[in-house]
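Enquirer: got a predicted structure here, sequence first:
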Amino acid sequence: MARTDQGISITPPPLAAMIETLRGHHALAATGGGEKLRARHESRGKIMVRERIDLLLDPQTPFLELSPLAAHGLYGNEVPGAGIVTGIGIVEGRACMLIANDATVKGGSFFAETVKKHLRAQEIAEEHRLPCLYLVDCGGAFLPEQDRVFPDRDHFGGTFYNQCRMSAAGIPQISLVFGGCTAGGAYIPALSDQVIMVKGTGRIHLGGPPIVKAAIHEIVDGETLGGAEMHTLVSGVSDHLVENEMEGLAKLREIVGALGEIGKVTAPPRPATPPKLDPAELVDIVPTDLRRPYDVREVIARMVDDSAFSAFKPDYGATLVTGFAHIHGYPVGILANNGVLFSEAAVKGAHFIELCDQRQIPLIFLQNITGFMVGTEAERGGIAKHSAKLVYAVSNARVPKYTVLIGGSYGAGNYGMCGRGFRPRFLFSWPNARIATMSPEVAATVVTELRRQSLKGAGDEAAIAELDRRTRAQFEEQSDPYYATARLWDDGIIEPTQTRDVLGLCLALSAGEARDTGPRPVYRM
């Protein structure tokens, strides 16, 4: 049961209903700026951003879109997807990071969430050495938001810094310019290794006609100032001039095809085998009331190859399930919550991470955690020290880490199970997930009890009841998965049945990496 702001208990919607809501949000975000702006975009001979991506990718290959609901619910819902589409796809047999502006959303301008999404895509590309393909249709920084976009280290300038660093490290940076690239947007192609521009619509100028007029009183049209023909034939900013977008996408595929071995995905060490147990059953197995317990091994059995899971220390620290399996043929070590973490579970988790680190097996964390055990007995048993062992082990593991929030993610449990702050390669959420320092019920109890203590028993019960209501409302709103994904606290909300395939794609990206084979610390001691 869940408590509303009015104190009425209701049953949370079933997982199937949550999935339908998720699909609706995804469908709405995919429409971009709406029918009117779509029609205007297409009237200029331009293709919608997701259609460009479909045409660029190898046929019948997957595209792992990242943070499709960025900025969801923000700015009056007028910036779907934060105005940019990012994701990993296969082009000419190579895994590439695609970063594509949606010009139907505020002209492809950058909001704070746009910058964060762009930076996150580059971070993933750098970590996995993925060529970056920029499909540019960008109006630069959204000026009313300039203080949240321009000046800080992790603002717009950071995207250009990343481009320079990746290019220097041998990670290709290639731009295809479909539309206007003004001000900061001009640096996306200018800092690329190769640039393609579409005749008639592609433009690059550090200062557009209005800025030029204001700055030096020169009156000039956009095509003369920064058109594709000028930049290809005169300035040399562009390397290739194409007649239309289809030709541009073909040229981009040609360039990627000549990149050599970078981006090539390493095949798994053994053939992939579907789970024996149907992943579709997860909808009925996993409760949406986070207070209802269930056996996380039932989730694992519907996620891993052949439903085969070799448990590690199954009879010790049983509230943390640990063991070895394969996903799409790639070996993995899994840590999954089956309740609150006691000292025994924390020490077991640290031990298991040490083994995976030693054997160079990637780690997958399935979070459904209220936190570490509290209370006199737990503290006397050293829960602070033992939980720190797990946190230390997670922080220093040298193998790739992946996290999925399959339920609650509260307090230090988020840290011990490799939350965002512990740099997992990817972090995804299910639509029933919740993330906060604590649950709304616990938060309300803590806050109201502190208020009563400060009033020394002479409290105004009406005021305390209002404080209880406000606290619950705040934590309900801020722990919602859509609140989290809008702010890019994860890499997207995925359906439970998609988890196996999403993880398989992520594992494939890191499979061929050279591993650190130096001495490893011993956490369990």
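Expert: Looks like it arrived, so ask away. Residues are numbered from 1 along each chain as shown.
Enquirer: checking residue 331 next. Helix, strand or coil?
Expert: The assignment at residue 331 comes out as strand when based on DSSP: H, G, I helix; E, B strand; the rest coil.
Enquirer: now do the contacts for it.
Expert: Residue 331 makes contact with 269, 324-325, 361-362, according to C-beta atoms under 8 Å, 6 or more residues apart in numbering. The C-beta positions use only the backbone N, C-alpha and C, and glycine is treated the same way.
Enquirer: can you name the residues bridging to it?
Expert: In this entry, residue 331 is beta-bridged to residue 326, by DSSP bridges.
Enquirer: tell me which residues in stretch 71-82 are buried?
Expert: For stretch 71-82, the buried set under the neighbour-count rule, 16 or more other C-beta atoms under 10 Å, comprises 71-72, 74, 79-82.
Enquirer: list the buried residues of stretch 247-256.
Expert: Residues of stretch 247-256 classed as buried under the neighbour-count rule (16+ other C-beta under 10 Å) are 248-249, 251-253, 255-256.
Enquirer: tell me the mean pLDDT over it?
Expert: Stretch 247-256 shows a mean pLDDT of 98.
Enquirer: may I have that stretch as CSV, with CA atoms only?
Expert: What follows is stretch 247-256 as a C-alpha-only set of coordinates in CSV (Å, rounded to 0.1, in the frame of the first residue of the first chain):
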residue,chain,number,x,y,z
GLU,A,247,23.6,11.7,-49.8
GLY,A,248,25.1,13.1,-46.6
LEU,A,249,24.1,10.0,-44.6
ALA,A,250,25.6,7.8,-47.3
LYS,A,251,28.9,9.8,-47.2
LEU,A,252,28.9,9.5,-43.4
ARG,A,253,28.6,5.7,-43.7
GLU,A,254,31.4,5.7,-46.2
ILE,A,255,33.7,7.6,-43.8
VAL,A,256,32.9,5.3,-40.9
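Enquirer: on that earlier part again, JSON lines please, covering the buried residues of stretch 247-256 and showing secondary structure.
Expert: As requested, the buried residues of stretch 247-256 are exported to JSON lines (three-state DSSP):
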{"residue": "248", "secondary structure": "helix"}
{"residue": "249", "secondary structure": "helix"}
{"residue": "251", "secondary structure": "helix"}
{"residue": "252", "secondary structure": "helix"}
{"residue": "253", "secondary structure": "helix"}
{"residue": "255", "secondary structure": "helix"}
{"residue": "256", "secondary structure": "helix"}
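Enquirer: could I get the residues you listed as TSV with distance to residue 439?
Expert: Putting those into TSV (distance: C-beta to C-beta, whole Å) gives the following:
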residue	distance to residue 439
248	51
249	48
251	53
252	48
253	49
255	51
256	47
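Enquirer: nearest to residue 394 among those residues?
Expert: Distance from residue 394 was checked for each of the buried residues of stretch 247-256 by C-beta to C-beta. The minimum falls on residue 256, at 35.7 Å.
Enquirer: so that closest one is in contact with residue 131, correct?
Expert: Yes - using C-beta atoms under 8 Å, residue 256 and residue 131 qualify as a contacting pair, with a distance of 6.5 Å.
Enquirer: counting only strands, which of the buried residues of stretch 71-82 make the cut?
Expert: Per DSSP state E, strands hold no members of these.
Enquirer: mind picking the two most distant members of those?
Expert: When C-beta to C-beta is used, the two most widely separated members of the buried residues of stretch 71-82 are 74 and 81, lying 11.4 Å apart.
Enquirer: if we can go back for a sec, which of the contacts of residue 331 fall within strands?
Expert: Counted as lying in strands by DSSP E, out of the contacts of residue 331, are 324-325.
Enquirer: which among the contacts of residue 331 end up buried?
Expert: Members of the contacts of residue 331 that pass the buried threshold by neighbour count (16+ other C-beta under 10 Å) are listed as 324-325, 361-362.
Enquirer: which one of these is nearest residue 230?
Expert: Proximity of those to residue 230 was ranked by C-beta to C-beta; the top entry is residue 362 with 48.7 Å.
Enquirer: low-confidence ranges in this structure?
Expert: In the predicted model of the chain, residues 1-10, 456-459, 521-525 satisfy pLDDT under 70.
Enquirer: 80 instead, please
Expert: Across the chain, the ranges flagged by pLDDT under 80 are 1-12, 207-208, 451-461, 517-525.
Enquirer: in a helix, residue 378, correct?
Expert: Yes - residue assignment for residue 378, taken from three-state DSSP, places it within a helix.
Enquirer: thought it was touching residue 342?
Expert: Yes - at 7.1 Å, residue 378 counts as touching residue 342 under the criterion of C-beta under 8 Å.
Enquirer: which neighbours do these two have in common?
Expert: Here residue 378 and residue 342 share the contacting residues residue 372, scored by C-beta under 8 Å, 6+ apart.
Enquirer: okay, those two: which has more neighbours?
Expert: Per other C-beta atoms under 10 Å, whichever of residue 378 and residue 342 has more neighbours is residue 342, with 21 against 18.
Enquirer: picking up where we left off before, just the closest of the contacts of residue 331 to residue 177, please.
Expert: Nearest to residue 177 among these, counting by C-beta to C-beta, is residue 362 at 37.2 Å.
Enquirer: against residue 327, how distant is that closest one?
Expert: Between residue 362 and residue 327 the computed distance is 9 Å (C-beta to C-beta, to the nearest Å).
Enquirer: over to residue 200?
Expert: On the measure of C-beta to C-beta, residue 200 and residue 327 end up 47 Å apart.
Enquirer: repeat that for residue 122.
Expert: Distance, residue 122 to residue 327, using C-beta to C-beta: 26 Å.
Enquirer: need the contact list for residue 275.
Expert: 301-307, 500.
Enquirer: that should have said residue 409, apologies.
Expert: Under the criterion of C-beta under 8 Å, 6+ apart, the contact partners of residue 409 comprise 367-369, 417, 419, 433-436.
Enquirer: number of residues surrounding residue 235?
Expert: Neighbouring residues of residue 235 were enumerated by other C-beta under 10 Å; the total is 10.
Enquirer: was I right to think residue 244 contacts residue 46?
Expert: No - look at residue 244 against residue 46 with C-beta under 8 Å: they stay out of range, at 9.6 Å.
Enquirer: pick out whichever of these two has more residues nearby.
Expert: Looking at residue 244 and residue 46 with other C-beta under 10 Å, you find the greater number of neighbours at residue 46, namely 21 against 15.
Enquirer: setting aside sequence neighbours, what's the nearest residue to residue 271?
Expert: With sequence-adjacent residues excluded and distances taken as C-beta to C-beta, 6 or more residues apart in numbering, residue 271 is closest to residue 329, at 5.7 Å.
Enquirer: give me the number of residues near the one you found?
Expert: Count around residue 329 with other C-beta under 10 Å applied: 17.
Enquirer: same check on residue 229?
Expert: Count around residue 229 with other C-beta under 10 Å applied: 15.
Enquirer: ok, now residue 126?
Expert: Burial measure for residue 126: 16 neighbouring residues, criterion other C-beta under 10 Å.
Enquirer: likewise for residue 161?
Expert: Residue crowding around residue 161 was assessed by other C-beta under 10 Å; the count is 14.
Enquirer: one more: residue 274?
Expert: Should you count by other C-beta under 10 Å, residue 274 turns out to have 12 residues around it.
Enquirer: what about it, which SS state?
Expert: Three-state secondary structure (criterion: three-state DSSP) places residue 274 in coil.
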